[in-house]
Every structure is written in C-alpha cells, then in structure tokens.
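# I need the structure of the sequence given here:
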Amino acid sequence: MASLGAGGGSANSSHRHRSLAPPAHVLASIFTSKPPPHYVPGIGRGASGFTTRSDIGPAAVSLGGAGAVGQEAPADAAPGQQPVNDGAYNAALGNDGGLLAKRYDDDDEDKEADAIYQAIDAKLADRRQQGVREQKIKDQIEQNRKDNPKITEQFADLKRRLKDVTEEQWEAIPDASDLAAKRQRKNDTTVAMPDTLLRRALEGQETNAHIDPTAMPGAGAGGGGDGATDLKAVGEGRQTMLGMKLAKLSDNVSGQTTIDPKGYLTSLSGMHVNSEAEVSDIKKARLLLKSVINTNPGHAPGWIAAARLEETAGKMSEARRFALTGTEKCPKSDDVWIEAARLHPPDTAKAILARGVAANPDSISLWLAAADLEPDTLSKQRVLRRALMQIPTSVKLWKASVDLSSEEDARLLLTRAVECCPQHTELWLALASLETYEAARGVLNRARAAVPTELSIWIAASELEEANGNGKMCGKIISRAIKSLASTGTAIDRDTWLREAEKCEKSKSPATCRAIVFATLGMGVEEIDRQRTWSADAEDALGRSCPETARSMLLKAIEAFPGKVSLWRQLVKLEKACGTATDEILAILTKSVSHCPQAVVLWLMAAKERWLGGGQMPPSAEAVDGARAILQEAHRHNADSEDIILAAHKIELDSGEHERARILLARSRDRTGLCSMDGTAKSAASGGSERIYIKSALAERMERNHKEELSLLTEGLGKFPKSWKMWLMKAQALRRGGGDVDGDGDVSMLKVEPGSSANAKMDDAKACYERARAALQQGVKQCPHSIPLWLASADLEFDMGFPAKGRALLEQARLKNPKEDRIWYLHVQRERKLSTGGDVHAAEKLMAQALQECPESGLLWSAHIGMAPRQVRKSRCADALKRCDKDVRVIGAVARLFWADGKLDKARSWLTRATSLAPDDGDTWVLLYRFEQAASAASASETSGASSVIKACTAASPKHGIFWTRVSKDPELWEWDASWKSRVASSASSAHEMRIERTLELASQLMSAEEDALEGVGSRK
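Next up, the predicted model:
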C-alpha cells in the first residue's frame, strides 16, 4: 500500500523519482491478498456514492503488529514498541482526531464558529459570576442590616405597642421642652468673682499723680513687677495703633488727606484679605506681564495690565511706576496716559495729562480727561476751548463745551460748530432749537442743503411749523420730504416712517404724526390688503400706547373705505377708550351713519351715546328727545329693523312713557317681515317676532295687567311654540293667579273676594298651581332641553307638597339633559330642606353622585362646601379650588369661610375678586353687599362700604344669579313701599340706582332666609 501512495507522505515523495510501474511480485500480492477491512474499491477516484463516518467505522485501523505495509519502525524506537500511527483514534480528540484530523483542515467558517461559541461560553460564565456577586452583595447588606439596624427598626415593636397606651398614660408623658428647660436651669450655675480680678480692674481704672519706683521696669529683686496687666495702658496703646493706621491710610489714590474715623471699622470689615492661592495667582500674572512688557515694550495694554495688577495687590507705588514707564515707552497711547492720571493725585494727574496732550495734541479722550480734572466750570471751558482750537472738527468736544455753556454762549458755539462740522445733524437741530422761529427756519434750510439725505431735519421742520401754529404746513413738508429723499436715492421704508410718527406723538406733535401716517401708510401695501393691514396696524399702535397714531391710521382707512362698518366701530371704540368727549363721538357716529345708513348698529350706538353719553342719570329731557330723533331717522332708513323698535321701546319705558312703549310694541306686532341686525328674518307669517312678544308681555307685567299679559303670551306661543321663555312666563303668570285662557282664546281671571274664607283661598291657590303645572308640562314637551322649564316644574311640585313628583321630574330632566349641574343643585337643595332632624345623608349621597358626573361645577362645589361641618370646610375649599379656581361661586364660598373665621380683609378681597371675574352675576354682588353691611355694623362705622357696592353694582348692571333673578324679574317682590317711596323722593341718586339698591336688599333677605332654612336642618355651622 505504501508503494501505491497509501502510506505516509515521505514514501509518496520518494516514489515520484522512481518508475511509476510497481514490480510484478507486488502486483501479484495485491491481487491475491485479502483487502483490508472496510475497503471500498474505487473510493480513491470517486467511484462510490456518499459515505458517512458511520459507514467508515472507527478511525483506528489495525495494520498488523509490525505496522503498515512499507512503513518501517523508527530507528530510535525501543524494542517491542509499536510504531506511532497518526491516523489512530485519539481519546482526547474524540472523533475529530485520527484519520479525519489528518484528512481535513479547519477552514475560516469553523474558526469563526468556534470563536462565537467561546464568546457565548464566556458571557454565560460572566453572567453566572455576576449573579453570584450580586447574591453575595445582597447577603452582605442583609447581614449589615441585621448587625446595625435603624432606629425605626429597633423601636418597631415599641411603636406597635403604643396602640395599647391609654389616654391617661399619654397625658402623663412629660414634655421634652420642660426637660430641656430643667436641664438648662440645672447647668446654669454662678460662681463668685475672684478678688484678684476685681483688684486688677480697679488698678486699671486708677490714675496716680506720683511715680511708683517699684512699678518701673527693673525695680524690685526680680527686676520686674508683680506681673499684673495695666488695662489703661493697653487701651492707650490700642488708640495709638489706630491713629497710626489712620495716618498711614490717609494717602490714597484720590489724594484724600483725612479719613472718617467712624467709618474706619466699616471699611476694615470690607477689606479683602488675599489667600495663598490668590497670592500665587498674582505672582504668576506678574511674571507673565513682565515677560510681555520686556518682549514688547511698545505694547500699551501690557503696561496698563501690569499697573492694575499691582493696584489689585495693594502696591500703589509699583502701579504708578508701571504706568509712568508705560507713558515713556508708549507716548502715543491715550489709554496709558489716562491710566497714569487715574493712579495719581489730581495735581500730579494734571501734569501727566499735560504731557500726554503735548505728546498727542489730537487726542479727544485726553482733552476730555483733562477737562474732567478741573474743579470749576470756567477751567473746564478753558480746557475745552483750547481743545477745539486744536481739533475743531470734533463733535464730542463741541457737545461737551455746549453742555457747560449758557444759552447765549451755546448758540454762538453751535453757530461755529455747524461751520466746522456741517455733516452732523445733531448740531444743526440743537442750533435750531435755540434760535427764534424765523432764524430756526433758516438754520433748518441750511441743514437740508448740507445733509440732504437726513430724515430728522424734515421732521424737525414740520414740528417747528406745528409748534408755531402752522399745522397745515405739516402735510406739505412731509410730502416734500418724501420726494426729496427719493430724489437723493435714500430708501426709507414704511415701518421707519410709522416709528417716526409714534416718536412725534410722544414728543407732543400730533399734527406731524398725522401728516406722516397719511403720507406713508399706503407704502408697499397691496390694494386688496389695505383694510386688513391698516386695521391691524391701528390695533398694534394702540397696544404701544400711541392712540393718536392709531386714530390717524383709522381715519386714513375710513377715507379710503367709507362704507366699512367695522372701521367706524373700531374708531368709536378707540375714542371711548381715550376718553373723548361725547360731542366728538356723536360727530363721528353722525358721519358714519351718513356713509352707512343701513348699518343698524351704528344708529343704535349713536342713539345710546346721545341718551347716556352725558353720564346724567336719569337722562335729561333733551338727551331723550335727541335719542328719539336719531331712532326716528334710523327707522326711516331701516323700517324693517326689529332692534330699532326695541331700542325705542326701552327709551320710552325708562323715561316713564309706558303708554308710548306699549303702542310701539303693538305696532311692531302688527308688522311683518321684521329683521334683526344680522339681516335674518325674525317675525312669523303675520305679526311680530318672539322678542317682540316677550317684551310686550314684560311691559304688561310691569303694569300689572295680568289678563293682557296672558293673552299676549298665549298668542305668542301659538306662533312660537318652541319659545321656552314664553312658556316659563306663562307659568309664572298663572302661578300668581293671573287666570287661564279658554278654548275661544278669552282669559278668565281668578277673583278672590276680600271676605272669602281660608278654604276658598286655598282652593284658588291650588287652581293656580294646577294651571301653572299644565303650562309647564306643555312647555317641557315642546322644549325638552330647556333647563329652566324643568327646574320650574320641579320647584312647583315641591312647593305644592309633592316631593315624589318633584324628584321624578328631576330624574327625567337628568336623563334628557345629562351633566347639567343646575338640576343636581336643585335636587340637593330640596333634599336638604326635606331632611328632618338634621339627617342629611340623602343629600350627601346625592351630592357625591352629582360631583362624580359634574366634577368641574363650581355651583355644586359651593353647595358641597356649605353642607360640610365647620371643621371640614377648609379641606373642601382646597379641593374645590383645585377643580375650579376661577369660579365665582367657589370664590364666594371661600370668602364665606374667611368671614365666619373673622378674617374680614381676606373675605373682602376674595369677594372683590369674584365681582371682577363675573360682574354679570348678581348673587356675588348680593353677598358682597351683605358682607359690607355686617362689617360696618360690627365696627360701628359711620361710613359703610355698602354704598360703594351699590354704585359698582349699578355700573355693572348684573342680570344673572339665582337670588338676583327672583327679585329683579318679579315686580311684586320689590314693589315700592311707603318707606322706599320716601327714600326715593329724598335721595339724590337716580331711579336706576335706587332699583339696584332695592334689589340688593331684597335679594339679601332671600339669601339669608335660604341659609337660615338650611341651617335649621343641621347643614350649617
């Protein structure tokens, strides 16, 4: 086999040099001998199929005791030792050794796989070690906690045993502060003062007229005294040292020769003591700066830095030496001369600056510094004039000289200054301001010729003409300015012109401001964007507190767009905000309606301004006649406007002309095709609109014509069945005993004779309630989403004594109108009133459900606070403020809490905040009125804050609120009695203010009665 190449590599190589044909006896032995085990013919040349290792068998092939054929044993092999077979099975390598290891070599993929497996094994081993480490750390921590427990853990069992401590044991525990006091008193001991200390103090205060020889140095046997300290001598020594230090510090940078001894200790406390690190930094900086000035001695900043470093280090002599050396090395540097002068006393500084000016005669800063060193004005002027002789073109020197001169001298100086510096506009304007009118015009003309591209000269010319009464010239001057600047190529944009207009307004030149706006507002603005852009510019100018600029912009916009109602309204709003007189506003509105006769809102604004613009309450007859004339003219141009009719009705009603007001409404009910301000039709097929019928019914109610009121409401509901207000008004009229309407449309009134029995009156009341219930039932069917109708229906049932029906109605209302806090509020309040013996659990449970459904309702939170006991209200107020901190009802509830605690100032501030947040809520004004009355009664003060509340409430004219609307919309509740009629007759206040006062008083009574009723069931205090 070795001869055929089946043996080792060396035998195969030797046969390559021999003959390829084997000997004959070898061939014979091959064909006659038995093949070796597992031999497959043709496997060497690939004649067999796929063979696996299992087919081949073990890699160890026994070739006989003497080894393989043709393989000799090594020469150094021991006798009887078997030859080494590289193809034999290796137990350490397993199946990867032996023949296969010889036959196949590891490739790159195998190596990569081995590396990956090794990395995975290392990662897993590290993870196992990490887990072991973490467990070890946890064990150490637990052991440490067991060895060193916390204080809380040590006393945990004792804390648990505290639950068994009785109240008497708690009271018996001594207070820690008492023990500390006892311990402190125990340690506070006094010791008698020794006699030696008293003797020494006495000797220190004595003064002897003779010399004691024994007290002299060297006296006595020991050559010294008794060792006692002379306190007086020590004090005198300290005073001497203090005087020496004061004398030493008297020579400072500014040349001061005296120091205030009183402020010396204060200055000592402010002294900075350099630390070792700072000293080291100073040394390093000193070396660096030394290198700088040695390397480049002509570098002025280096000398200045070195001088300031020495100044910081407290070495003034070195600082001055460096500064003077710097002036020698850098004589052309202004900063070095100024620094040297700063470090020296004034006299020396003058000499230094004199040398500096001689070295730099054209240095402006040196001349100004030299002038600053002079003590009086004449000396400063003398220095500045010498400087101007040397540098006549310096604007700084001219300004400094003018500032120190009188008006006449300044005019002469400026005349010379504009000759020397003709390109500086400030000098021209300053000269013009000092000249007379004619001379100033000439100065400005010469300035325009000298500086034709300067805008400020033209504006100054316009302001000059305006200041002298020639405001008409402002427009011409600004127009010429625009043309002249354009011819010189000076581009000034629109924003720059408008900023100059605002500057003119702030400098009290409104005519120039208006001229600039009119001439430049349209620059660079497209025609389609002009109205929007100009209106926005006016708003921005008003926001920058420039009302005249905004007014000019609006006037320019109205001139371009006279038919735009929004521009007229914006102008009127601006005039009212600026406090313009009523006559001027009326002139603007008159001009506006002439351009926009179909704008109903402008007519109404003009009528209101004429009626109430004077501020007189009630309005005068002249004001009423003027408003009537305006509305008549408005009705002539807008005959179908419902708003004009209602405005005329309001004027007649407030003026006491009730019959004329009723006639106006009657005529409007007969008209068709009425429209509101937005142009939408409001009337039915025939007759007036819903608002007309409501106003008509209210007018009849005020006149106590219940029959006519019911007739109008019935007629109106026939045309507008979805009007919930008319259904509610009808139910209220029926509940008051107004009667009912039969099938023919006639109204039958309930009449109760004065001598009727109580049963008859009760029957009549029940009949009224039944008719009101029927009206409300119809209204709820027509308007199922009207909350006031549902509330009125439930209130009626509760008042009639049917709480079950009332609860059922409120349940239905909640189903049809979920998340409505007013329904929940009424239900809770009714349950509180129905509670007996102070049992409010039903109301509390209902309130919890209400807050779950409406968590952001201030109405419910205020009631929730009122239901709580006094000790819980504070926490409920905090919860309510987290939910709705800007709700006026919650703020009122918090104010009530402060009021109950006696914190009147806080209660007043919270109530004032509530009225400012919602001035239209009447209940807040009522609560503030009650508070001020109670506060004035408690303090027995003659000046009550209630009067100011009445005036503020009159200005606000609130229209909403639970208690407010009960009074203001029911004339029977605030009917003038005899006392009030006498007060109205004798009062200087207007009728409107008296009505507000009466409403506040009656609503306050209703609120107090409501709170008292709820307090009776244990829900308050």
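# care to break this protein down by domain?
Per the record, the chain has its domains at 452-580, 819-905, 918-1020, by the TED database.
# Straight-line length of the longest one, end to end?
Its first and final residues considered, domain 452-580 spans 40 Å by CA to CA, to the nearest Å.
# if we can go back for a sec, how about the domains of the chain, which one is nearest Ser433?
Closest to Ser433 of these, according to CB to CB: domain 452-580, at 8.4 Å. Where you see a C-beta, it was placed from the backbone N, CA and C, and this is true even at glycine.
# what about the closest residue to Met473 other than its chain neighbours, which SS state?
For Met473, ignoring the flanking residues on the chain, the nearest one in space by CB to CB, 6 or more residues apart in numbering is Glu465 at 4.2 Å. Of the three states, Glu465 takes helix under DSSP: H, G, I helix; E, B strand; the rest coil.
# and Glu465, how many neighbours?
Residues contacting Glu465 under the criterion other CB atoms under 10 Å number 20.
# my guess is it meets Lys476, correct?
No - when contacts are counted by CB atoms under 8 Å, Glu465 is not listed as touching Lys476 (9.0 Å).
# just to revisit the earlier point, rebuild the domains of the chain as CSV, extending it with distance to Lys159 and mean pLDDT.
Below are the domains of the chain laid out as CSV (distance: least, CB to CB, whole Å; pLDDT from 0 to 100):
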stretch, distance to Lys159, mean pLDDT
domain 452-580, 64, 91
domain 819-905, 27, 88
domain 918-1020, 39, 77
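# which one of these lies closest to Pro784?
Taking CB to CB, domain 819-905 is the member of the domains of the chain nearest to Pro784, at 12.3 Å.
# Distance from the closest one to the middle of the chain?
Centroid separation between domain 819-905 and its chain, computed with CA atoms, centre = their mean, to the nearest Å, is 30 Å.
# before we move on, what about stretch 281-289?
50 Å.
# thinking again about what came up before, gap between the residue nearest to Met473 and Arg636?
Separation of Glu465 from Arg636 (CB to CB, to the nearest Å) stands at 45 Å.
# Spatially nearest residue to Glu700, not counting backbone neighbours?
Sequence neighbours aside, Glu709 is the residue nearest to Glu700 in space, at 4.0 Å (criterion: CB to CB, 6+ apart).
# for Leu917, same thing?
Nearest to Leu917 is Val888, by CB to CB, 6+ apart, at 5.5 Å.
# ok, that neighbour - how many residues close by?
When neighbours are counted by other CB under 10 Å, Val888 registers 25.
# list the contacts for it?
Val888 makes contact with Gly858, Ala914, Thr915, Leu917, Ala918, Asp921, Thr924, according to CB atoms under 8 Å, 6 or more residues apart in numbering.
# Most neighbours among the residues you listed, please name it.
Highest neighbour count within those, by other CB under 10 Å: Thr924, with 29 neighbours.
# and the residue lying closest to that one once chain neighbours are set aside, what element?
Distance criterion CB to CB, 6+ apart; nearest residue to Thr924, sequence neighbours excluded, is Ala914 at 4.7 Å. Under the criterion of DSSP states H and E, Ala914 resides in helix 904-917.
# Next SSE downstream of that helix?
The first helix or strand that comes after helix 904-917 along the chain, using DSSP H and E, is helix 922-939.
# Please save the CA atoms from that next one in CSV.
Provided in CSV are the C-alpha atoms of helix 922-939 (Å, rounded to 0.1, in the frame of the first residue of the first chain):
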residue,chain,number,x,y,z
GLY,A,922,-75.9,89.3,40.8
ASP,A,923,-75.6,86.8,43.6
THR,A,924,-71.9,87.8,44.1
TRP,A,925,-72.9,91.4,44.4
VAL,A,926,-75.6,90.4,46.9
LEU,A,927,-73.1,88.5,49.0
LEU,A,928,-70.6,91.5,49.0
TYR,A,929,-73.4,93.8,49.9
ARG,A,930,-74.3,91.6,52.9
PHE,A,931,-70.7,91.4,54.0
GLU,A,932,-70.2,95.2,53.9
GLN,A,933,-73.4,95.8,55.9
ALA,A,934,-72.3,93.2,58.5
ALA,A,935,-68.8,94.6,58.6
SER,A,936,-70.0,98.2,59.1
ALA,A,937,-72.4,97.1,61.8
ALA,A,938,-69.7,95.2,63.6
SER,A,939,-67.3,98.1,63.5
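# Quick check: which helices or strands does that helix pack against?
Judged by 3 or more CB pairs under 8 Å, 6 or more residues apart in numbering; DSSP states H and E, the packing partners of helix 922-939 are helix 888-900, helix 904-917, helix 946-956, helix 962-968, helix 991-1015.
# And it, what's buried?
Applying a neighbour-count criterion of 16 or more other CB atoms under 10 Å, one finds 922-933, 935-936 buried in helix 922-939.
# what's in contact with that helix?
Residues outside helix 922-939 that contact it (CB under 8 Å, 6+ apart): 888-889, 892, 895-896, 899, 904, 907-908, 911-912, 914-915, 918, 943-946, 948-950, 952-953, 956, 958-965, 968, 999-1001, 1003-1004, 1007-1008.
# TSV for the domains of the chain, including distance to Lys284?
Shown next, in TSV, are the domains of the chain (distance: least, CB to CB, whole Å):
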stretch	distance to Lys284
domain 452-580	53
domain 819-905	60
domain 918-1020	70
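# The ones you listed: which one's closest to Asp108?
Among the domains of the chain, domain 819-905 comes nearest to Asp108, with 70.3 Å by CB to CB.
# start to end distance for that closest one?
Using CA to CA, the end-to-end distance of domain 819-905 comes to 36 Å.
# how near is His299 to Gly356?
Applying CB to CB, the value for His299 to Gly356 is 18 Å.
# quick one: which of these two has more around it?
Ranked by neighbour count (other CB under 10 Å), His299 and Gly356 place Gly356 first, with 26 against 16.
# Isn't that one up against Trp337?
Yes - the pair Gly356 and Trp337 qualifies as a contact (CB under 8 Å) at a distance of 3.3 Å.
# list the residues that contact both of these two?
Taking CB under 8 Å, 6+ apart as the contact rule, Gly356 and Trp337 both touch Thr327, Ser363, Leu366.
# Can you add neighbour count, distance to His344 and pLDDT and give those residues back as a markdown table?
Output for the shared contacts of Gly356 and Trp337, formatted as a markdown table (neighbours: other CB atoms under 10 Å; distance: CB to CB, whole Å; pLDDT from 0 to 100):
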| residue | neighbour count | distance to His344 | pLDDT |
| --- | --- | --- | --- |
| Thr327 | 20 | 11 | 91 |
| Ser363 | 22 | 18 | 90 |
| Leu366 | 23 | 15 | 91 |
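# Going by secondary structure, the closest residue in space to Val418 that isn't next to it in sequence is in what exactly?
Excluding the flanking residues, the one nearest Val418 by CB to CB, 6+ apart is Leu427, at 5.1 Å. In the assignment (DSSP H and E), Leu427 maps to helix 425-434.
# by contact count, what packs against that helix?
Counting by 3+ CB pairs under 8 Å, 6+ apart, helix 425-434 packs on helix 395-403, helix 407-420, helix 437-450, helix 455-467.
# 6 Å instead, please
If you count contacts as 3 or more CB pairs under 6 Å, 6 or more residues apart in numbering; DSSP states H and E, helix 425-434 packs onto helix 407-420, helix 437-450.
# in the first one, what counts as buried?
Neighbour counts using 16+ other CB under 10 Å place Ala410, Arg411, Leu413, Leu414, Ala417, Val418 of helix 407-420 among the buried residues.
# right, and the helix or strand after the helix ranked longest in the chain?
The helix spanning the most residues in the chain, taking DSSP state H as the definition, is helix 108-147. Proceeding N to C from helix 108-147, the next assigned helix or strand is helix 151-154, under DSSP H and E.
# okay, that next one in CSV with CA atoms only?
Extracted C-alpha coordinates of helix 151-154, given in CSV (Å, rounded to 0.1, in the frame of the first residue of the first chain):
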residue,chain,number,x,y,z
ILE,A,151,-33.6,53.4,64.9
THR,A,152,-37.1,52.9,63.5
GLU,A,153,-36.5,49.2,63.2
GLN,A,154,-35.2,49.0,66.7
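# can you map out the helices along the stretch 651-800 of the chain?
In chain order, the stretch 651-800 of the chain shows helices spanning 658-670, 690-702, 706-719, 724-735, 758-782, 787-800, with DSSP state H, counting those that start in this stretch as the criterion.
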